[in-house]
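J.: Have a look at this fold, sequence not included:
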């Protein structure tokens, strides 16, 4: 058997599984945003999640690869630092819009609307990174068919929201606009993702810088729209019993986003992002089974919502199954060489990184401060857990536990695959 083909096939499988794991964790991460329905400000909720994200984005890379590894990687690709900060800023704005969307139209409906980010990412991947260039008719058919299904599903869900959701037309329209705006920003955010990975950067290094952009952006938004620093601090104080859940949501998001970034690295944003958009299935599960969001809707509304979700999921799966042939991978390599020429990168090292190897790894012990970073993160969560109270939300605990356990199992399986194949490269 050809070892090159075997390696490419294993990386495709790894990318697919990473996308599926991303969907599960990104879906679970949105559950704490339901707190917006009990009176908390969308900006305050987004800030709480982003601070949890900030803690996680430093802790996980430190625990998995070490600070020395991360800083070596950043020094080699210093031109990507500004792109990571930009991506973080786009993420923070999009995340805030999703909270408005959840408030106005609900979690199970908002999810598929902002998952139109797959169409945006697909376009940018084709335009800037040669994805689908050289692909055969079969791959194009899957991608275009899947794209049409995603659009059709989104339109069906938007109709179900406006006609059967029980909200005023203006409230429903605002929620739809917020969800679609989040999809546009998240789809554009994948440009820095792909630019980083065809330059050989490790996803763990990228997210470490990414978090500064999102934290600075959400702090600015919160101060401006919450009425100043003093008002923001008062809001944080009043929400102290809920901060643990927001931090936990941010931490879950980081795990999902890391899996999503490995999917983008190994199978591209045109395929990896739609696959991670199976978070719609998990979001529907959390919204419908745990929070009973569909119980207040008529039969027609429930049928439309479920049908729209199923159509979007089918479209995402069709796109993800369009495995890149050798001719398309040759086009990807041209995009990689363009980045290497532009920034004077070592093409051999970049190609090794894209094969799942780890050219910047070196032997040596861990730094003492890495244990301090991990201990500090654990301490923050323990402290917030002591302050936490059960949220004043009607929840089905059986389904919450079942979905949570299934998500943890998927984490163990895919993390093990990434470690065995790439050592988290």
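T.: That came through fine. These figures come from a predicted structure and were not determined experimentally.

J.: For stretch 128-143, buried residues please.
T.: Buried residues in stretch 128-143, counting neighbours by 16 or more other CB atoms under 10 Å, are found at 129-132, 134-135, 139, 142-143. For glycine as for every other residue, the C-beta is placed from the backbone atoms N, C-alpha and C.

J.: Quickly name whichever of those residues is closest to residue 192.
T.: The shortest approach to residue 192 among the buried residues of stretch 128-143 belongs to residue 129, at 11.6 Å (CB to CB).

J.: Confirm for me that that closest one is in contact with residue 333.
T.: No: the pair residue 129 / residue 333 is not scored as a contact, 11.0 Å apart, by CB atoms under 8 Å.

J.: so after the one helix or strand residue 83 maps to, what's the next helix or strand?
T.: Assigned by DSSP states H and E, residue 83 belongs to helix 81-105. Next in sequence after helix 81-105, counting helices and strands by DSSP H and E, comes helix 107-114.

J.: Output the contacting helices and strands for that next one.
T.: Other elements packing on helix 107-114 under the criterion 3 or more CB pairs under 8 Å, 6 or more residues apart in numbering; DSSP states H and E are helix 81-105, helix 137-164, helix 169-197, helix 279-285, helix 299-320.

J.: Now residue 135. Nearest residue, chain neighbours left out?
T.: Among residues not flanking residue 135 along the chain, residue 328 sits closest, at 4.5 Å (CB to CB, 6 or more residues apart in numbering).

J.: List the contacts of that neighbour.
T.: By CB atoms under 8 Å, 6 or more residues apart in numbering, residue 328 lies in contact with 130-135, 139.

J.: How about residue 123?
T.: Applying CB under 8 Å, 6+ apart to residue 123 gives the contacts residue 187.

J.: how far away is it from residue 273?
T.: 11 Å (CB to CB, to the nearest Å).

J.: residues shared between the contacts of these two?
T.: In contact with both residue 123 and residue 273: residue 187, using CB under 8 Å, 6+ apart.

J.: in what helix or strand does the one residue sitting closest to the centre of the chain lie?
T.: Central residue of the chain (CA atoms, centre = their mean): residue 257, 3.8 Å from the mean position. Assessed by DSSP H and E, residue 257 sits inside helix 243-267.

J.: any idea of the angle that helix forms with helix 299-320?
T.: What separates the directions of helix 243-267 and helix 299-320 is an angle of 40 degrees, with axes from the mean of the first three to the mean of the last three CA atoms, to 10 degrees.

J.: Pull the distance from helix 243-267 to the chain's centre.
T.: Taking CA atoms, centre = their mean, to the nearest Å, the mean C-alpha location of helix 243-267 is offset from the chain mean by 6 Å.

J.: helices and strands around the helix or strand just after it, which ones?
T.: Downstream of helix 243-267, the first helix or strand assigned by DSSP H and E is helix 269-276. Where contact means 3+ CB pairs under 8 Å, 6+ apart, helix 269-276 is packed against helix 3-29, helix 117-129, helix 137-164, helix 169-197, helix 243-267, helix 299-320.

J.: ok, residues contacting helix 269-276?
T.: Contacts with helix 269-276, where a contact means CB under 8 Å, 6+ apart, come from 15-16, 18-20, 22-23, 26, 117-118, 121-122, 124-126, 129, 131-132, 143, 146, 150, 187, 190, 193-194, 256, 259-260, 263-267, 315-317, 319-320, 322, 324.

J.: try 6 Å this time
T.: Taking contacts as CB atoms under 6 Å, 6 or more residues apart in numbering, the residues outside helix 269-276 that touch it are 15, 19, 22-23, 118, 121-122, 125, 131, 190, 194, 260, 263-264, 316, 319-320.

J.: and what of stretch 83-101?
T.: Residues contacting stretch 83-101 (CB under 6 Å, 6+ apart): 33, 36, 42, 45-46, 110, 114, 175, 178-179, 181-182, 185-186, 189, 192, 195, 206, 209-214, 217-218.

J.: starting at the chain centroid, how far to it?
T.: 11 Å.

J.: What of stretch 367-386?
T.: Relative to the centre of its chain, stretch 367-386 is centred 24 Å away, using CA atoms, centre = their mean.

J.: which parts of it are buried?
T.: Per 16+ other CB under 10 Å, stretch 367-386 contains these buried residues: 370, 373, 377, 380-381, 384.

J.: try stretch 415-425
T.: Quick answer for stretch 415-425 (16+ other CB under 10 Å): 415, 417-418, 421-422, 424-425.
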